[in-house]
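Student: Next input, structure requested:
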Amino acid sequence: MIKSNCRDKEVQMSSVGLFAYGAAGGREGVDLGEVPFVVVDVETTGLSPTSDRIVEIALVRVDGGRVVDEWATLVDPGRDPGPTFVHHITADMLAGAPTFGDVAGEILSRLDGAVAVAHNARFEEGFIAQEFARVGINTAPLPAVCTLRLARQVLAAPNFQLLSCCTAYGIELHDAHTALGDTRATAQLLPRLLAHAPALRFPSAPVPMPQYPRHTRARTRASGLRKGEDGWIHSLLGKLPYSTSDADPASAEAYLAAVSSALRDGKLTGVEAKALARLAGQSGMGAQQVRHLHQRYLDGLRDAALADDILTSTEYRQLVTAAQLLGEPEYFADLTDPEVGTTNRAQANKQRGQRVWCSPSVSTDVRDRLTQAGFVLALNLTRNVVTAVVAAADQDNPKVARARALSIPIRSDLTLDDVLEATETPFLTAQHPADTAAVEVEVTESPTVPTPAATAHVPIQRAPQVIAGWYLDPSGRWTYRYWDGQGWTEKVSAGDGRTWSDSTALPLWCAPTTDGLVDGQQPHTLVDQIMTMQKNDIRAALLLTLRCIDAVENDSRASGHGVAPWYYERAAIILARLGNPNAEVAVLERFARQKHAPGAKPPQLLDRLRRRREATTGA
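Tutor: Numbering: from 1, shown residues only. Prediction:
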C-alpha cells in the first residue's frame, strides 16, 4: 500500500465516517465477542483519496483466529496507475479490469456482519469511502480495528510500519505492496496483537451492508513469480487468492490449452509459467480454480495413457513429470510404475478376458485362482477393470480410493476362496453382510461375471467417468454444456461467461471427449460409420458427428493445427433434415470460431452460415 505511517500524517487525515474504531481496554462501547474480522488493503494511484483512485483491493476474512476466505482484484481507476515502481501494476494489467462500481457489491457482501481491519486503517477508510461515494453507496459506520494503533499499545519497536510489526512477531511479509500480500500479513499480525492487548470495545455492532449489484468477475494477478525449491506453479498458486468464482468455460479451455502447450516438451519455463499466470489473472481465477484445471488436465492425460488399458514406462514417466510440474507430485500415486522393458503392447493385447485388479496384500493363491478362471490381472486401475479385489490391510491404499472414484465394484479377498471353488456360483458375488464388519472394505453391487474362461473375454461396458465441468455441447445448440460427472445437465453457456438452462430433445448419453479420440478411435476413421448410421438412425449419427467435432477441436487446441470442415458440414446437414435451424446455425458458428486446418476450404461453409443466419433472422 502507498501510504505514510508517521503519526502526524495519520492525525492530519480526517475520517469520513466509514469506520467506527474499536479501543483496547476501554469501558464504554460494545464487546463484539466472536464476530469475524475482514482485513482489507488497497493499492492506489497516489496518497489523496479525493484525487487518486484505487487500483487493487484485497479482503481476507479471519474467523476464530484463522483465515477462512480470500478475495482480491485489480481495479480500473479510469486513469494511469500511478507509481508502478511501488505496486508493480501497469496500465496493460488494468486493461479490461473491473471498475470499483463493478466490484462494489462484492466488497459490501464480504464486509457484511464483520469488523473491518487494516494497517493504518485511516488510509483504507478514506479511499474506500470516496469510491463508495462516487457510485452512490451510503452505509452506516463499520466497526473497525487499526493494527497500527494497536501495535503502538503493545509493541516496543523503532517504528510501526507493517514490515516492522511483522518482523517483531516473526511473520514473513511476502509480496509487500500487493493488496493480497499486505492483507495476508496483517491477518497473521492481528491475532498476535489481540492476544497481548486488552479487550476491544466498539462504538457499535456490525450493521447490514446495503445490497448492490455485482456486475463482473474479479481480475487477479500473480506477479513476481519465483521458481524456488517448490517450482513455478507453487509460486503461481501462492500469489493468487485462495478462491474466486469459477472461470467461464472459454477461459478454462484457453488455460488448459496453454497448459498443454507449455508441458508438451516435459518442462515448464519461467516464461511459460508467467504466461499461465497472466491467463489465470485475466480470467479472475483463484488458486482453487487453477488447481482444479490442473487436475482436470492431469485426468485427461491419465485417460489418454490408459485408453488401451496398458501403461508403459514412458507413459508413466510422462504422467509423473506433468504432475510434478503442476505442483501435484502425488496425483498419480495410485499408478504402478511398470519396470522398464517389461511392458510389451503386442503381448499385452493378446491377453483376453475381463480385467480384475488386486490390492498389494492380496495373496498369490487368490491371484492364481483368478487367472485360472480366465481373468486378466490388471496392473493399474482403468475404466475397463470390472472389479477390485481388496485385502483388509489395503483399504487406505491410494488405488482403492481411485477404484471408488471410478465406481469400480470392490470385493474382499476373504470371500473369494469359497466363490472360486463353487463353479455353480457366479464369480465375485456380493459379500454376506456378516463379513462386512470383519473386513471393513466397501461392498457394492456389481454385474454378474461369468466363471468359465471360454466366456471371460466378453467385456462389461462401463459408462466413462469424466470429471465434472464444462465441455463442448454435444447437442451443437450451444458452445458449452455442463457435465456433472455422471451425465449432461441442462446448464449451458455461449462461452461469454453467462450461463442458463436449456433442454434438448437429443439423448445426450455420450460422455465428453477430452483426448482427441472418440471411443478410442481417431475421428477420421468414423466417417463411413456416420454415413451408414445416418440412413438408419439419424439422431445417433448426429451424436457421433458432434462427438467427432468435440474430439477434433480438442486435438486442434493441443496441436495448433486447426480443424477440417467435414464434420461441421455433416452436422449442419443432419440438423437441417431434423428441422432445427437454430442448432444448424450454432454448429456453423462453432466452425467459424475455430482455426482452420491448412488446405481446408471454409468459404462454402461460411457462406452457408451467412445464408442460414439471414434465413433465421428473417423468420
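
Student: residue ranges of the strands in the stretch 1-150 of the chain, please?
Tutor: Listed in chain order, the strands found in the stretch 1-150 of the chain under DSSP state E, counting those that start in this stretch are 19-21, 23-24, 37-44, 54-63, 66-74, 115-118, 142-146.

Student: next one: the stretch 301-450 of the chain
Tutor: Under DSSP E, counting those that start in this stretch, the stretch 301-450 of the chain gives strands at 355-358, 376-377, 385-390, 410-412.

Student: ok so, going back, do you know which of the strands of the stretch 1-150 of the chain lies nearest residue 280?
Tutor: strand 66-74 (12.5 Å; CB to CB). C-beta: built from backbone N, CA, C; applies to glycine.

Student: ok, that closest one: who's next to it in the sheet?
Tutor: Applying DSSP bridges, strand 66-74 is found paired with strand 54-63 (antiparallel).

Student: Let's have the strands of the stretch 1-150 of the chain in TSV, adding mean neighbour count.
Tutor: Shown next, in TSV, are the strands of the stretch 1-150 of the chain (neighbours: other CB atoms under 10 Å):
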stretch	mean neighbour count
strand 19-21	22
strand 23-24	18
strand 37-44	27
strand 54-63	24
strand 66-74	20
strand 115-118	26
strand 142-146	24
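
Student: Same list (those strands) but as CSV, adding mean pLDDT and distance to residue 484.
Tutor: Formatted as CSV, the strands of the stretch 1-150 of the chain follow (pLDDT from 0 to 100; distance: least, CB to CB, whole Å):
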stretch, mean pLDDT, distance to residue 484
strand 19-21, 93, 44
strand 23-24, 86, 51
strand 37-44, 96, 33
strand 54-63, 95, 29
strand 66-74, 92, 25
strand 115-118, 96, 38
strand 142-146, 95, 40
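
Student: which stretch among these comes nearest residue 268?
Tutor: strand 66-74 (24.4 Å).

Student: Any chance of the strands of the stretch 1-150 of the chain in TSV with distance to residue 263 as columns?
Tutor: Output for these, formatted as TSV (distance: least, CB to CB, whole Å):
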stretch	distance to residue 263
strand 19-21	47
strand 23-24	52
strand 37-44	33
strand 54-63	30
strand 66-74	27
strand 115-118	40
strand 142-146	45
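
Student: Looking at these, which is nearest to residue 490?
Tutor: The closest of those to residue 490 is strand 66-74. By CB to CB, the value is 29.7 Å.

Student: could you give the angle of that closest one to strand 37-44?
Tutor: Inter-element angle recorded for strand 66-74 and strand 37-44: 20 degrees (by axes from the mean of the first three to the mean of the last three CA atoms, to 10 degrees).

Student: that older thread, out of the strands of the stretch 301-450 of the chain, which is the most enclosed?
Tutor: Of all the strands of the stretch 301-450 of the chain, strand 385-390 has the most neighbours on average by mean count of other CB atoms under 10 Å, namely a mean of 24.

Student: Can you list the strands that that one pairs with?
Tutor: Strand 385-390 has the following sheet partners, assigned by DSSP bridges: strand 355-358 (parallel), strand 410-412 (parallel).

Student: what mean pLDDT would you report for it?
Tutor: Averaging pLDDT along strand 385-390 gives 85.

Student: Next up, the contacts around residue 121.
Tutor: By CB atoms under 8 Å, 6 or more residues apart in numbering, residue 121 lies in contact with 19, 21, 144-149.

Student: Which elements pack onto the helix or strand harbouring residue 550?
Tutor: In this structure, residue 550 sits in helix 538-559 according to DSSP states H and E. Judged by 3 or more CB pairs under 8 Å, 6 or more residues apart in numbering; DSSP states H and E, the packing partners of helix 538-559 are helix 249-262, strand 469-472, helix 527-536, helix 566-577, helix 581-592.

Student: Minimum distance to residue 560: which of the ones you listed has it?
Tutor: Closest approach to residue 560 among the helices and strands packed on helix 538-559 (CB to CB): helix 249-262, 7.5 Å.

Student: Show me how far the helix or strand following the closest one is from its chain's centre.
Tutor: Counting by DSSP H and E, the element after helix 249-262 in chain order, helix or strand, is helix 270-282. How far helix 270-282 lies from its chain's middle: 15 Å, per CA atoms, centre = their mean, to the nearest Å.

Student: just checking, what packs against helix 270-282?
Tutor: helix 232-239, helix 249-262.

Student: what's the average pLDDT for the longest one?
Tutor: Think helix 249-262. In this model, helix 249-262 has a mean pLDDT of 87.

Student: and the angle for that helix with helix 232-239?
Tutor: Angle, helix 249-262 to helix 232-239, by the same axes, to 10 degrees: 150 degrees.

Student: List the neighbours of helix 249-262 that are in contact with it.
Tutor: Contact partners of helix 249-262, identified using CB under 8 Å, 6+ apart, comprise 247, 268-269, 272-273, 275-276, 279-280, 282-283, 285, 290, 293-294, 296-297, 326, 469-470, 479-480, 493, 495-497, 557-558, 560.

Student: Equivalent analysis for stretch 145-164, please.
Tutor: Stretch 145-164 is contacted by residues 5, 10, 21-22, 24, 37, 115-122, 165, 168, 173, 176, 182, 185-186, 189-190, 193-194, 196-197, 200 when judged by CB under 8 Å, 6+ apart.
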